[in-house]
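Peer 1: Give me a 3D structure for the following:
(one chain, ligands or ions: 1)
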Amino acid sequence: MKKFFIAILLVLAPVAASAATGGVHLDEMAPDHANKESLQRGMATFVNHCMGCHSANFQRYERAAMDLDMPNELVQKHLIFGDSKVGEQMTIAMPQTDGAAWFGTPPPDLTLETRLRGEAWVYTYLRSFYKDPARPWGVNNVVFPDVGMPNVLEGLQGLQVNHCTPAEMAHQVKTIDPLTGVQMGGCLSIAEKGQLSVEEFDNTIYDLVNFMSYMGNPVKLQSQAIGYKVLIFLFIFFFFAYALKKEYWKDVH
Ligand code: HEC
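Peer 2: The predicted structure follows:
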């Protein structure tokens, strides 16, 4: 019995490890790969705002076009900058060594980022930059302290300030006032307005992280659909297997 409990604990250990976030509260993010419009908007944000620095080397434009219901010609025309072709991977021109020299650390490839950190982490991270004059880019981040990435979405979001101590930051809880759309509580608040309201910005980031989640697991919808079929098969097969078992054992007793 003791061994059984130890085995269960060992099985659960990786779950506990991956759930650890350094104590910072993460906002929930439930990806929806069936929402093609959201994924399309997310892809547009990704190619426009992230691919200056980050690649998605394991994702092909053409595969995304197919999965997200977009004609190849439109993707080639509106979502591919530079001379890449629609059949190619979403690579970037910036050499890793330049990235390391400019930012202290090269911007990592983001194809599998949501698999590594989880959707909630990426969703919270992208909305948690705040003003910090002590940092090279003038911003710091609540979930990734002393991050080397500038807040590339500041034009959309505006500039946030942080009015918590590091200890308080660990327990911040943010809510949006449903009437005014203004963010309540939490440590961060907008000091200089950007182009979007808090709610619009959150929606933009939701779509972006939804797209990143799709890239991390492009076959999720298919595997779920196959999963249902397998369960139905097993259910029907059970009756045949049971009948066969009865047939085999009927002379034994
Ligand atoms: C100007 C260059 C630049 C742009 C543009 C940029 N990033 Fe970054 N990003 C970086 C750098 C540099 C790092 C590494 C930071 C570090 O490790 O300190 C980084 C790190 C990250 C990380 C954390 C990676 C990790 O360690 O797990 C995520 C997630 C991320 N970026 C997402 C994005 C997204 C999404 C966009 C588009 C909205 C974007 N970045 C645009 C430079 C950039």
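Peer 1: List phi and psi for the residue nearest to A93 when sequence neighbours are not counted.
Peer 2: Across the structure, with Cβ to Cβ, 6 or more residues apart in numbering as the measure, the residue nearest A93 apart from its sequence neighbours is G82 (6.6 Å). C-beta here means a position set from N, CA and C on the backbone, and glycine is covered the same way. Note on G82: backbone dihedrals following degrees, to the nearest 10 are phi 80, psi -160.
Peer 1: ok, now how distant is G82 from N57?
Peer 2: When Cβ to Cβ, to the nearest Å is the yardstick, G82 and N57 sit 15 Å from each other.
Peer 1: between these two, who's got more neighbours?
Peer 2: Neighbours were tallied for G82 and for N57 using other Cβ atoms under 10 Å; the higher tally belongs to N57 (14 against 8).
Peer 1: Tell me who's in contact with the more buried one.
Peer 2: Listed by Cβ atoms under 8 Å, 6 or more residues apart in numbering, the contact partners of N57 are Q89, M90, T91, D109, T111.
Peer 1: Helix, strand, or coil at it?
Peer 2: Counting by DSSP: H, G, I helix; E, B strand; the rest coil, the backbone at N57 sits in strand.
Peer 1: tell me the pLDDT at it?
Peer 2: Model confidence at N57, expressed as pLDDT, equals 97.
Peer 1: how close does it get to Q89?
Peer 2: Counting by Cβ to Cβ, the separation of N57 from Q89 is 5 Å.
Peer 1: which residues touch stretch 71-91?
Peer 2: Contact partners of stretch 71-91, identified using Cβ under 8 Å, 6+ apart, comprise 43-44, 47, 51, 55-62, 64-65, 70, 93, 111.
Peer 1: That stretch and the ligand, are they touching?
Peer 2: No - shown here: stretch 71-91 not in contact with the ligand (Cβ under 6 Å from any ligand atom), separated by at least 12.7 Å.
Peer 1: And the average pLDDT for that stretch is what?
Peer 2: When pLDDT is averaged along stretch 71-91, the result is 95.
Peer 1: Only C-alpha atoms, please: export that stretch in PDB.
Peer 2: Listed next in PDB are the C-alpha coordinates belonging to stretch 71-91 (Å, rounded to 0.1, in the frame of the first residue of the first chain):
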ATOM      1  CA  PRO A  71      -6.700  31.300 -48.700                       C
ATOM      2  CA  ASN A  72      -3.000  31.000 -49.500                       C
ATOM      3  CA  GLU A  73      -3.000  34.100 -51.700                       C
ATOM      4  CA  LEU A  74      -4.300  36.300 -48.900                       C
ATOM      5  CA  VAL A  75      -1.700  35.000 -46.400                       C
ATOM      6  CA  GLN A  76       1.000  35.600 -48.900                       C
ATOM      7  CA  LYS A  77      -0.200  39.100 -49.600                       C
ATOM      8  CA  HIS A  78      -1.100  40.300 -46.000                       C
ATOM      9  CA  LEU A  79       0.700  38.100 -43.500                       C
ATOM     10  CA  ILE A  80       4.100  37.400 -45.100                       C
ATOM     11  CA  PHE A  81       6.700  40.200 -45.000                       C
ATOM     12  CA  GLY A  82      10.000  39.900 -46.800                       C
ATOM     13  CA  ASP A  83      10.500  37.300 -49.500                       C
ATOM     14  CA  SER A  84       9.300  34.200 -47.800                       C
ATOM     15  CA  LYS A  85       6.900  31.900 -49.700                       C
ATOM     16  CA  VAL A  86       3.700  30.600 -48.300                       C
ATOM     17  CA  GLY A  87       5.100  27.000 -48.200                       C
ATOM     18  CA  GLU A  88       8.000  28.000 -45.900                       C
ATOM     19  CA  GLN A  89       8.400  28.100 -42.200                       C
ATOM     20  CA  MET A  90       7.800  31.200 -40.200                       C
ATOM     21  CA  THR A  91      11.500  32.100 -39.900                       C
END
